[in-house]
Structure formats: C-alpha cells, structure tokens
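Enquirer: give the three-dimensional model of this entry:
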Amino acid sequence: MKKLLLKFLLVSSLMGISFIGADESNLNIYEDQQSDPFVRYIDVQNLRLYSLDEVSNKFLKNVAKTYLLMLKTNSQIDPEMRGEYLKITKNNYVYQRIGLEGTDYYEKKFNTSFNNLPQSRIVENGPFRENITDYIWEYRRENIKSEQITEVIEHLLHTITNVAFSIQYSDWDWRNPSSMINLATQEAIDKGIFNISGYKEILDRGDEDGFNKAITTEFAYWLIAVEWGLGDFIGIPNDEFRIGNRKEISEKLPLGHRMYKCYVEKILSPPDLKSLLSIFPTNGKTNNQDLTNKIEDYNCDQNINLNQEINLNINENISLNQEINLNIEETCNRQIKGFWKDYLELNKSEFNSRGYLFIVEGEDGRCEYGVGINKNDAFIDCTKWKEENNIIGKCMPYAKDGKVLLDKHSNNDEAKQTNNGEAKLTSNILKGKESKNLSSWECMRGSFDKFVEVYGVYVVGSPGAPMYKVMHTAGVLAQYLDNDENGLPDDPRVVSYLSNNNYIVPVWSVSDRENFWENARGSYCEDNIGMAASMYYDEDQWAIGGIQKTGQWDTNLEEVWHVVSAGWYEVYPKYFGNKESMLHKAMDKARGGKFEEVPSKYPKSAWYTYNDKGCSYECQAHEYFYWILMANINALNLSYTDKCSPNDEWNICNRFDLKKKDILAYELLNNYDFIFPTKIPNGEYKPNIINVY
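Expert: Residues are numbered from 1 along each chain as shown. Alright, predicted model coming up:
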C-alpha cells in the first residue's frame, strides 16, 4: 500500500496535479463574460464546471465537491490510469455545463424553444468546445429537491464515461459497434435487464448516433450506480434497469462487470452516501448504501486479451476478409498488408483509432490507398495518390475504426458479417451503380472533373474546386433531399423531377462559369442542363461540419436550396409554382402587397423587403422560399449568422417567430402534409447513396 501511494504521488507530481480530497478551500469561482451565457466556472481536478447565470455559487461548489468525492484515493485505484484520466480531461478540455431547473425554465423565461437559445449550445469562445455531453440542473422546487444527488451523480458520470473514457479507451468508444461498451449494453438489452424503449424516439428521428450515444451512456450510469451500492437510494431496480445489487451484476452482466472492475474501479472512487447527504440534504431521504463491496480478485489482463482476440485482431483476419469482403484482384492482395500496417499505425497515432482507409484498384492492377480522420479526408488522400501515380479507378471505402467495412462486389448495401464481428457499413460513399453518368457527356469534360451523384442529381466540381468542398455540397444536397437520413428521398416526386431534368449544383469560380457557358454554346449541355444556382469555392462562405459546429454561415444552405426548390415549383405549382400559388400569396402578405416590381419603398407593415430591383417577382418568391425555410429550421440563429439581425430584407430568425408573424408561410411549410427539412444540413450525410465518378 505504501508503494502504491508513493507511485500515485509520483504520477500526480509529474502531471502537476494536487489531490486535495474534498477540500473546499481550493474551489475558486471565476467570472467569464467572454463565454456568455456560461458566465462562471470552477476548475476542479482538470474538469471545468461552467454554470449559467441563474445557478447559485453554492450549488456550483457542491457539484465540485461531489466530483472530488469521486476522486478520493482507495486501495483499488490504479495511479497510472487515474493520472492518465486526469491528463485526458485537461488536454482535451472536457467540461460540464450546469443550469437551473431544466430546459422548461429557460423556454418560459425567453419564450422560445430551448434549442433556439445559446444556452443549448457549446461554449463558443476559447478551447472548451465539443467535449461535453449534457447538463446538470440545480433543483430549487421542493417537489424535486430530493432528486438532486441523483441528478448530479448521473450527469457527472455521463461526462466521465461518454466523453473522457471514450477518448482514453477504445473499449469505451460508443461510436464503434464492436467496442466493449456497446457489447455490454447489448448484453443487458438481450437479457431483458436494460429497457431501451424510452430511447426509441431518438432512433425514429433517424439519429442513430444519438441513439447509440444515449443507450450506452445511460447503461454505464445504471451499471456504476449499482456497483457503487447506490441502487436502493436511487431507486434501482426500476422500469428501465431491472437489477439492483452487485451480485446480480457480476452474475448476469459479466461484460458490464468487467467494464466496471477494469476501468471505473481503477479510476473513480465510490462516493459515500453520508458525504453526499451532507452536501445535498434531501429532507429525510436517507436510504442505506450497500457497503458490502468486498475486494474481488479480478483478472483484467485476461479479459482484455480475450477481447482483443475476438474483436480487434484484424491482422490475423485480413487474409480472410480480403477474400470475403473485398474480392480485390491478386495484385492488390499482395499490397494490402502494407497498406493495412500503415493504416493501423496512423489510425492509432493520428486518428484516435477512428480513422478511415480508402483503397483504389487500378485497371492495370496497381493499387493505392488514402487515410484520414473522416471519410472525406481519406477519399481526398486516396484520390491525390491515385492521380499522382496515374491510376485509373475509383477510391472505395475499405475500413473504419480499424475494422474492414464491406464487400465491394456485393449486391447488398450493407456489409456482410466478417470474422471480426463488424457487420455494419458506415461509409457514406457507396460503390458505383448503374445510372446516368454526366462525366461521360462530352460537353461536361474539361469544365468539370469531379462528379458526385446524389439520388440522380449531380454536384460537379471544376478542376480548381477542392474535393472536400464538392463533397460538402453533396452532403448538404443529400440532407435537403433526405432530411431524416433514412436512405430514401423525403419527396420522391421532387427528386425525380430534378434528376430527369438533369439539375446540377456546380462548385466553381466565376471564370469557370463563364468558360463553361462559352464552350457550351451549340452543345447538348446548352439546353439540357438544369442550373438554378451554384457555389463558388473561392468566394462563398463555407462551414465544413455545419453552422452549429463552426459558428459561421454556410452559403450552401441558400444556393443548394435554390436548386432543390426548383423541383417544388414544378411538382406542386398550386402551392409553390405559379403567381397565384400559396407561396406567392404568403409572400405578398409579407411584402405588404402584391408588387410585380420592387417598390421604391415598402409599406411599414412589411417584414420581407428584398430591394434588388434586378430581381423579378418570381425571383423574389425564390428568395422568400429560402428565407422562410431557414427560419423554420432555426438556421438563422444569431449565434450562427448575422443575416437575420434587423436589416432591410428579413428579420424572422426562428420557427417560433415565423409561426407568430408569418402565419401563411408557417402553415404552408408545416400543415399541408409536405415533408420539408426540419434539421439544419451540415454536410455530414449518413446513408450510403452518394456516388463519386
């Protein structure tokens, strides 16, 4: 024990970490107006606790003291694992948000949906950004104060397991379907112990990542709470988690028990209930804590090796997988081991074990590959090497997260089961399929060398257009056509019209555009290409990853919608297309009257006041259609763009205000059984329908 403590202090001193137990004297609260609305914070053992203004300083300190209880020392703690955990939270800027009461409180206070408020988003200044999960709420209402301990413990554990552990250990990576946390969660589901029916609505919205994140995070919380002996206090078993003591966990959930013994127990200390009750008095709720946690002789090394043998030993399986899943010709097979070795090294050292591998098989038998942290980067890297070596062929997805993905020649859109247990195709770029191919049109050659098909509609890029921007535009187009991302167009008639009429979205420069139309004179392209708008790679605003992530505007949201809306005008003329349509009538109301030409001055009652005199009445309707859709999906939030600040064109910034002020537009978008986008496109489309030529 003495050696263990000395080793622990050594690791701590090397990292500059001081362990103060539950010493409140070091819990200093700092003001931070630059991170508004997160205006105060405490740094506690490398975890930042950000609070909204409504939260009391006492509660903020109490959350910090609870976290300190979890970091007390005991004989089960592995000092190196604890030290690495603290280093992870520090270097990756992991933080916890704290607010008052819940989202309803803020919706009532600000009279809008919580999702429209800056309180719903990440901190937008400084290094603390993406590495968070959910909120801890301070409860002041008497009817829920007794739940305060559960609220704090649960959501601290969410941040620890879902964020920090998932960075630190591949076993905790909820994004990887073969990870131990996914397998342990599935074990509990299959045995009827973990009831996930309450989370199915997330899956019904098409948010598979959100669903997987939610169920693994909640499972980890229930598991740890029981292992800590808090089942009786929290109210376990219950409808969601149906076993409430450690003995049952070890007997019925061996994978979950392993996750606790080999990770949680070595990093975190069970907070004792007596201390928790002294921090958060609960008006008499003092159920006993199960303190029968005897030290268990548990061999984590054996289990970890077994897990690697079953799930992670790609090198031994690769010779089989290349035959079953890829069918690459013999010449490529001789090179694949070299590709694979390089990929595994980079995947671990550069991509946090979440990288992609793309491979191109040339017509002459030569092969190349590309790697990247995401599918677009890997595709671009593969394309670069392919072109540099004059290889003719398509760069195709081969692996993700260190796992082989799919059978290249399969007629199925999903990967077959492989020896390493990976059964799910996760790449967005699918193998080519039979369809029209604009790259074969003589009049397109020279002007464009990048062709990306989305449901028969093409995004085309000029030679100077970066491939990652072309792919981003294609992703936005896909999300406009299939907003719930279930792999099927939301409105097949609109998509069919756009495809049948050869609509394209060019990504080019002004000079590229001028040269194309000059060369297209008298060619097939002059009269047979539909082009309602385009993107300029060197002038427009680009938000790769989406406006919610980057905090800046993306011109794709406007220009790609102008292309998509061309289908709505033609397919549903009564509602959108002619001058007597419902769209035009709503616009007339918004402009304060029916003006065929732009008036010299709009009526004071107008809220849509586009004043470009070169924009015809139809052009005005197209712009209006764009504005009302953006408001309806909350894309004009002031934290993303200043386009909706009071100006001379449009100032309805969100769905709530649209419903209140532009009733006709709101009714048209929401109450006529049309399926319009409801989520802001970010270019990261999930289903496998994007084809690159």
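Enquirer: what mean pLDDT does the helix or strand containing Ala378 have?
Expert: Counting by DSSP states H and E, the element that carries Ala378 is helix 375-388. Helix 375-388 shows a mean pLDDT of 79 in the predicted model.
Enquirer: give me the number of neighbouring residues for the closest residue to Lys200 other than its chain neighbours.
Expert: Counting by CB to CB, 6 or more residues apart in numbering, the nearest residue to Lys200 once its immediate chain neighbours are dropped is Phe211, at 7.9 Å. Heads up, the C-betas are built off the backbone N, CA and C, glycines and all. Other residues within reach of Phe211 by the criterion other CB atoms under 10 Å amount to 18.
Enquirer: export the helix or strand hosting Phe211 as PDB, just CAs?
Expert: Assigned by DSSP H and E, Phe211 belongs to helix 208-227. Below are the C-alpha coordinates for helix 208-227, written out as PDB (Å, rounded to 0.1, in the frame of the first residue of the first chain):
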ATOM      1  CA  GLU A 208     -28.600   6.500 -35.000                       C
ATOM      2  CA  ASP A 209     -25.500   8.100 -33.500                       C
ATOM      3  CA  GLY A 210     -27.600   9.900 -30.900                       C
ATOM      4  CA  PHE A 211     -29.400   6.700 -30.100                       C
ATOM      5  CA  ASN A 212     -26.200   4.700 -29.600                       C
ATOM      6  CA  LYS A 213     -24.700   7.500 -27.500                       C
ATOM      7  CA  ALA A 214     -27.800   7.700 -25.300                       C
ATOM      8  CA  ILE A 215     -28.200   4.000 -24.500                       C
ATOM      9  CA  THR A 216     -24.500   3.300 -23.900                       C
ATOM     10  CA  THR A 217     -24.300   6.400 -21.700                       C
ATOM     11  CA  GLU A 218     -27.400   5.500 -19.600                       C
ATOM     12  CA  PHE A 219     -26.300   1.900 -19.300                       C
ATOM     13  CA  ALA A 220     -23.000   3.000 -17.900                       C
ATOM     14  CA  TYR A 221     -24.700   5.200 -15.400                       C
ATOM     15  CA  TRP A 222     -27.100   2.400 -14.100                       C
ATOM     16  CA  LEU A 223     -24.200  -0.100 -14.000                       C
ATOM     17  CA  ILE A 224     -21.900   2.200 -12.000                       C
ATOM     18  CA  ALA A 225     -24.600   3.300  -9.600                       C
ATOM     19  CA  VAL A 226     -25.400  -0.300  -8.700                       C
ATOM     20  CA  GLU A 227     -21.700  -1.200  -8.400                       C
END
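Enquirer: surely Lys579 touches Tyr617?
Expert: Yes. Between Lys579 and Tyr617 there is a contact at 7.0 Å, judged by CB atoms under 8 Å.
Enquirer: what sits against the residue nearest to Lys200?
Expert: For Phe211, the contacting residues are 199-200, 202-203, by CB atoms under 8 Å, 6 or more residues apart in numbering.
Enquirer: I'd like these laid out as TSV, including distance to Lys261, secondary structure and pLDDT.
Expert: Formatted as TSV, these follow (distance: CB to CB, whole Å; DSSP: H, G, I helix; E, B strand; the rest coil; pLDDT from 0 to 100):
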residue	distance to Lys261	secondary structure	pLDDT
Tyr199	26	helix	91
Lys200	31	helix	85
Ile202	30	helix	88
Leu203	31	helix	80
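Enquirer: as TSV, those with distance to Ser353 and neighbour count would be great.
Expert: TSV is the format used below for the contacts of Phe211 (distance: CB to CB, whole Å; neighbours: other CB atoms under 10 Å):
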residue	distance to Ser353	neighbour count
Tyr199	26	17
Lys200	29	11
Ile202	25	18
Leu203	25	15
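Enquirer: and the residues you listed, which is closest to Thr555?
Expert: If you rank the contacts of Phe211 by distance to Thr555 using CB to CB, Ile202 comes first, at 30.6 Å.
Enquirer: leaving out sequence neighbours, find the closest residue to the closest one.
Expert: Phe211 (4.4 Å).
Enquirer: what do you get for Tyr572?
Expert: Distances taken as CB to CB, 6+ apart place Phe674 nearest to Tyr572, at 7.6 Å, with adjacent residues excluded.
Enquirer: the one you found should be in a helix, yeah?
Expert: No. The assignment for Phe674 is coil, going by DSSP: H, G, I helix; E, B strand; the rest coil, so no helix is present there.
Enquirer: where does it land on pLDDT?
Expert: You'll see Phe674 listed with a pLDDT of 91.
Enquirer: swap in Asn412?
Expert: pLDDT, Asn412: 32.
Enquirer: what of Tyr105?
Expert: Model confidence at Tyr105, given as pLDDT, is 94.
Enquirer: got the phi/psi numbers for it?
Expert: phi -60, psi -40 (degrees, to the nearest 10).
Enquirer: quick one, what contacts it?
Expert: Each residue near Tyr105 by CB under 8 Å, 6+ apart is listed here: 54, 99.
Enquirer: again, 10 Å this time
Expert: The neighbours of Tyr105, taking CB atoms under 10 Å, 6 or more residues apart in numbering as the test, are 52, 54, 99, 114, 119, 137-138, 140-141.
Enquirer: quick check: ChimeraX command selecting the buried ones in those residues.
Expert: Buried members of those, identified by 16 or more other CB atoms under 10 Å, are gathered into one ChimeraX selection as follows:
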select :52,54,99,119,137,138
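Enquirer: now, the contacts of Tyr105 that are in strands?
Expert: When DSSP state E is applied, those are split such that 52, 99, 137-138 fall in strands.
Enquirer: of those, closest to Pro177?
Expert: When those are compared for distance to Pro177, the smallest value, 31.5 Å, is given by Trp137; criterion: CB to CB.
Enquirer: wait, isn't that closest one in contact with Leu100?
Expert: Yes. With the criterion set as CB atoms under 10 Å, Trp137 and Leu100 qualify as a contacting pair; they are 6.7 Å apart.
Enquirer: now do the shared contacts for these two.
Expert: Common contact partners of Trp137 and Leu100 (CB under 10 Å, 6+ apart): 55, 59.
Enquirer: where does the prediction get shaky in the stretch 51-200 of the chain?
Expert: Counting by pLDDT under 70, the low-confidence segments of the stretch 51-200 of the chain come to 143, 145-146.
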